[in-house]
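# Build me a model from this:
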Amino acid sequence: RRQLEENRPNKLQTGTIDHPFLCVEDLLCDLSNLVNISDVDDATTADEHRKPFRLRVTSHYGTISINPFAGDFDVEPARGGPGTHRISAGKHWIEPYQGTPGARENVVELVGTLQALNQMLSGLNYLSEENKFGMDTITMYVEDMCCMNSSSTVATVKRVFHVDVQPSNDPPAVSMELFG
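Now for the predicted structure:
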């Protein structure tokens, strides 16, 4: 498979339309440690009083995967009802709402503490649809769920990242039909 050209100008990949993340068709593209969520209100809150955040990540035509915590973690039933679960590492936790952590999905939605969501994002990767290349988008929504029972409005931030999927030279296929 063809890798990205060595002589391509070294541009900062910021995920903008002018500087998209570069990936190669049919190859896993590592986007770990490129995205970090922060909130000034959460930084000053004690661990036991931290409020959850909702993270929704979508891909237009490729698939994304957000890998679970590295190291020790616990899985327990969640408040969402039968079939839902909470993944926790110490005081930090996430609850999958749509998609399965570690699985390839077009949409992944998680609720949890900022620390846990950032740890999950450190395992973010992308895979284009098979044999498809060109521009794709990954859209992230982060919702601050701090004030669900108050008169405050819920704060949601949307960020679109652009991915330039480069073509690869797929080998030819040979098939034989046996006639009997």
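# where along the chain do the strands fall?
21-24, 29-30, 53-59, 63-66, 74-77, 85-89, 92-98, 107-112, 124-127, 134-144, 155-166 (DSSP state E).
# among the ones you listed, which is nearest P172?
strand 21-24 (18.7 Å; C-beta to C-beta). Placement of C-beta: from N, CA and C, glycine included.
# Which other helices and strands does that closest one contact?
Secondary-structure packing of strand 21-24 (3 or more C-beta pairs under 8 Å, 6 or more residues apart in numbering; DSSP states H and E): strand 155-166.
# quick one: low-confidence ranges for the protein?
Flagging of the chain using pLDDT under 70 yields the residue ranges 1-13, 42-50, 67-94, 97-103, 147-154, 179-180.
# Swap in 90 and give it another go.
For the chain, the stretches with pLDDT under 90 are 1-19, 30-57, 64-125, 130-131, 143-157, 169-180.
# re earlier: could you dump the strands of the chain into TSV and include mean neighbour count?
Converted to TSV, the strands of the chain look like this (neighbours: other C-beta atoms under 10 Å):
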stretch	mean neighbour count
strand 21-24	19
strand 29-30	16
strand 53-59	22
strand 63-66	21
strand 74-77	10
strand 85-89	18
strand 92-98	20
strand 107-112	20
strand 124-127	20
strand 134-144	17
strand 155-166	16
